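Chemist: take this sequence and fold it.
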Amino acid sequence: MCEGTREDGTTIEPNDPLWPELTKAARAARTNPRTWLDQPNLYGDLATNKAFTTPFERWLTQLWAEGCEATLKAYLGR
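Modeler: Here you go, the predicted structure:
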């Protein structure tokens, strides 16, 4: 995760030239998923498309609340 830690709490080492910006946005997106989408260099006009942003915000909120495995199971309908 771009936030910089795995679910087990271990650190993810920087692995992208934009790491400082990505981690800052990811940490803010934990409580406000829209923050992640407000990166025009990554999302451009897609960030204004409700068909994309609404589900994205829902799934990211669930990811933080319930974790990766539970979110993937929900997404896959299992």
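
Chemist: now residue 33: how far from residue 47?
Modeler: 11 Å (C-beta to C-beta, to the nearest Å). Glycine gets a C-beta too; all of them are placed from N, C-alpha and C.

Chemist: can you check residue 75 too?
Modeler: 21 Å.

Chemist: helix, strand, or coil at the residue nearest the centre of the chain?
Modeler: Nearest to the geometric centre of the chain sits residue 60, at 5.4 Å (C-alpha atoms, centre = their mean). Under the three-state scheme (DSSP: H, G, I helix; E, B strand; the rest coil), residue 60 adopts helix.

Chemist: which residues sit in contact with it?
Modeler: Residue 60 makes contacts with 29, 33, 36, as judged by C-beta atoms under 8 Å, 6 or more residues apart in numbering.

Chemist: just to revisit the earlier point, more crowded one of residue 75 and residue 47?
Modeler: Using other C-beta atoms under 10 Å as the criterion, residue 75 and residue 47 rank with residue 47 on top: 16 against 12.

Chemist: so that one belongs to a strand, correct?
Modeler: No: using three-state DSSP, the assignment for residue 47 is helix, not a strand.

Chemist: give me the pLDDT for the residue nearest to it when sequence neighbours are not counted.
Modeler: Closest residue to residue 47 apart from its sequence neighbours, by C-beta to C-beta, 6 or more residues apart in numbering: residue 37 at 4.3 Å. The model reports residue 37 with a pLDDT of 96.
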